[in-house]
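# this one's sequence-less:
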């Protein structure tokens with residue numbers, strides 16, 4: 001009888017950080033279960049407060065604030081779930097373009113500066129100038145997801161470092177923060193397992209976006225400190241092991257150059273604020289971009305918009321032409337001082353050619369109300385891409 005060669009020993013189960021492929025069906029089932037829990041929990045709290053309001057006919061300021069926070073948490077979880085579904089859909093088409101990683105990261109940090117200041121969190125930066133090849137929209141989503149997760153998890157400051165690894169030289173972004181209060185880090189109580197919030201849906205989004213881009217997310221949670229390292233596989237430069245790519249000549253864009261994306265939810269996670277007192281116009285704008293995965297908020301006046309922006313900026317503002325005023329000009333000036341690439345889009349009732357912000361003297365994109373459905377999605381794709 002011929003002897004069979006011994007079977008190779010089974011490979012040890014891989015940890016989430018050990019592989020560069022998407023989650024299994026069982027892992028996706030866990031993610032869906034987690035999504036349901038993170039939506040149902042806040043909504044249950046909100047429903048309890050609503051029942052209390054119905055039974056008593058009264059609600060105090062604190063309860064009203066808690067109700068609003070619960071609904072906001074559920075909405076944010078739903079939006080994260082939408083982005084995860086986009087990554088799992090199999091319909092995502094990755095582009096490959098030259099990106100200045102440092103500039104994109106600084107742009108994201110500038111955009112989030114009001115939010116970090118409102119939370120009292122300092123973001124320390126040590127960023128070397130580095131360019132990579134990758135998908136611009138996914139890179140923007142990854143960096144924003146990283147900030148969402150870090151801001152929700154940190155008990156101190158956030159340290160960001162961007163540098164080149166040793167040969168072969170690759171861009172390496174590290175994010176470090178204390179996931180426990182500083183008092184507990186040196187205490188025996190702070191030496192246990194990492195808190196469960198580190199494995200939230202926000203973390204799942206960071207992890208899956210990175211894996212989709214071919215980036216290995218290496219996370220270490222030890223002694224109250226979390227360190228996440230993202231190593232980008234295609235770094236542009238002249239050193240050995242790096243890609244040598246010549247940038248294409250600049251071309252002045254036109255609205256025709258930005259067709260609706262074939263990707264599912266092409267702007268998933270981006271945030272749009274609509275300013276108009278007219279419900280029908282707000283609904284028309286919302287319907288025109290419903291397929292893009294945007295987080296949409298609506299206010300009736302410029303004063304309400306200014307109040308809305310105090311604790312954090314959206315990625316763009318759409319407003320009706322009737323809102324032009326000194327207050328709007330002041331808001332725009334203030335926002336542009338913080339984020340020079342910020343997008344303002346004016347909607348006119350009368351006939352008007354569709355103009356990107358690069359084609360107008362004042363840098364405001366303009367569109368006629370009758371062209372919202374066919375042109376606003378393409379306009380937003382361009383206007384939001386200016387940050388990249």
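Good, I have the coordinates. Computed from a predicted model, the values in this text were never measured in an experiment.

# quick check: domain ranges of this structure?
23-88, 97-236, 267-385 (automatic domain parsing).

# ends of the longest one, what's the gap?
Which is domain 97-236. Chord length of domain 97-236, first to last residue, is 11 Å (Cα to Cα, to the nearest Å).

# phi, psi for the residue positioned nearest the centre of the chain please.
A centroid search over the chain (Cα atoms, centre = their mean) returns residue 144, at 3.6 Å, as the residue closest to the centre. The phi/psi pair for residue 144 (degrees, to the nearest 10) reads phi -70, psi -40.

# residue contacts, it?
Each residue near residue 144 by Cβ atoms under 8 Å, 6 or more residues apart in numbering is listed here: 108, 112, 269. Placement of C-beta: from N, CA and C, glycine included.

# where do the strands sit along the stretch 51-200 of the chain?
Per DSSP state E, counting those that start in this stretch, the stretch 51-200 of the chain carries strands over the ranges 97-100, 123-127, 131-134, 158-164, 171-178.

# what's the third one packed up against?
In terms of contacts (3 or more Cβ pairs under 8 Å, 6 or more residues apart in numbering; DSSP states H and E), strand 131-134 is packed against strand 97-100, strand 235-236.

# so how far is that strand off the chain centroid?
In this view, strand 131-134 has its centroid 19 Å away from the chain centroid, taken as Cα atoms, centre = their mean, to the nearest Å.

# so what strands line up beside it?
The pairing partners recorded for strand 131-134 under DSSP bridges are strand 97-100 (antiparallel), strand 235-236 (antiparallel).

# got it, and the last one?
Listed by DSSP bridges, the sheet partners of strand 171-178 and their directions read strand 158-164 (antiparallel), strand 225-232 (antiparallel).

# pLDDT below threshold where in the stretch 1-150 of the chain?
1-24 (pLDDT under 70).

# please, where are all the helices along the chain?
Assigned by DSSP state H, the chain shows helices spanning 25-56, 61-88, 101-111, 113-118, 136-153, 182-185, 201-212, 279-288, 302-309, 326-338, 372-385.

# helices or strands up against the longest one?
It refers to helix 25-56. Helix 25-56 packs on helix 61-88, helix 201-212, going by 3+ Cβ pairs under 8 Å, 6+ apart.

# packing partners for the first one?
It refers to helix 61-88. Looks like helix 61-88 contacts helix 25-56, helix 201-212 (3+ Cβ pairs under 8 Å, 6+ apart).

# just the last one next, same as before
Under the contact definition 3+ Cβ pairs under 8 Å, 6+ apart, helix 201-212 sits against helix 25-56, helix 61-88, helix 136-153, strand 216-222.

# would you list the ones you listed in a markdown table and tack on distance to residue 176?
Shown next, in a markdown table, are the helices and strands packed on helix 201-212 (distance: least, Cβ to Cβ, whole Å):
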| stretch | distance to residue 176 |
| --- | --- |
| helix 25-56 | 25 |
| helix 61-88 | 23 |
| helix 136-153 | 9 |
| strand 216-222 | 10 |
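
# winner for burial among these?
Of all the helices and strands packed on helix 201-212, helix 136-153 has the most neighbours on average by mean count of other Cβ atoms under 10 Å, namely a mean of 22.

# tell me what angle it forms with strand 158-164.
Computed by axes from the mean of the first three to the mean of the last three Cα atoms, to 10 degrees, the angle separating helix 136-153 from strand 158-164 equals 140 degrees.

# give me the angle between helix 136-153 and helix 61-88.
Counting by the same axes, to 10 degrees, helix 136-153 points 140 degrees away from the direction of helix 61-88.

# and of the helices and strands packed on helix 201-212, who's closest to residue 123?
Closest to residue 123 of the helices and strands packed on helix 201-212 is helix 136-153 (Cβ to Cβ; 8.3 Å).

# about what we covered before: turn the helices and strands packed on helix 25-56 into JSON lines, including distance to residue 339.
Putting the helices and strands packed on helix 25-56 into JSON lines (distance: least, Cβ to Cβ, whole Å) gives the following:
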{"stretch": "helix 61-88", "distance to residue 339": "21"}
{"stretch": "helix 201-212", "distance to residue 339": "22"}
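
# between the ones you listed, which gets nearest to residue 379?
Of all the helices and strands packed on helix 25-56, helix 61-88 sits nearest to residue 379, with 20.9 Å by Cβ to Cβ.

# ok so, going back, tell me which of the helices and strands packed on helix 201-212 sits nearest to residue 346.
helix 136-153 (23.9 Å).

# run the angle between that closest one and helix 372-385 for me.
Calculated by the same axes, to 10 degrees, helix 136-153 forms an angle of 70 degrees with helix 372-385.

# just want the angle from helix 136-153 to helix 101-111.
50 degrees.

# angle of helix 136-153 against strand 216-222?
Going by the same axes, to 10 degrees, helix 136-153 makes 10 degrees with strand 216-222.

# relative to helix 201-212, how tilted is helix 136-153?
In terms of direction (the same axes, to 10 degrees), helix 136-153 departs from helix 201-212 by 150 degrees.

# where's residue 273 relative to residue 300, distance?
For residue 273, the distance to residue 300 equals 12 Å [Cβ to Cβ, to the nearest Å].

# do the same with residue 70
Applying Cβ to Cβ, the value for residue 70 to residue 300 is 24 Å.

# stretch 334-350: end-to-end distance?
End-to-end distance (Cα to Cα), stretch 334-350: 29 Å.

# if we can go back for a sec, now render the strands paired with strand 131-134 as CSV, adding mean neighbour count.
Shown next, in CSV, are the strands paired with strand 131-134 (neighbours: other Cβ atoms under 10 Å):
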stretch, mean neighbour count
strand 97-100, 17
strand 235-236, 22
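
# residue 315: which of these is closest?
Judged by Cβ to Cβ, the one of the strands paired with strand 131-134 that comes nearest to residue 315 is strand 97-100, at 17.3 Å.

# quick one: that closest one to chain centroid distance?
Relative to the chain's own centre, strand 97-100 is displaced by 18 Å; criterion: Cα atoms, centre = their mean.
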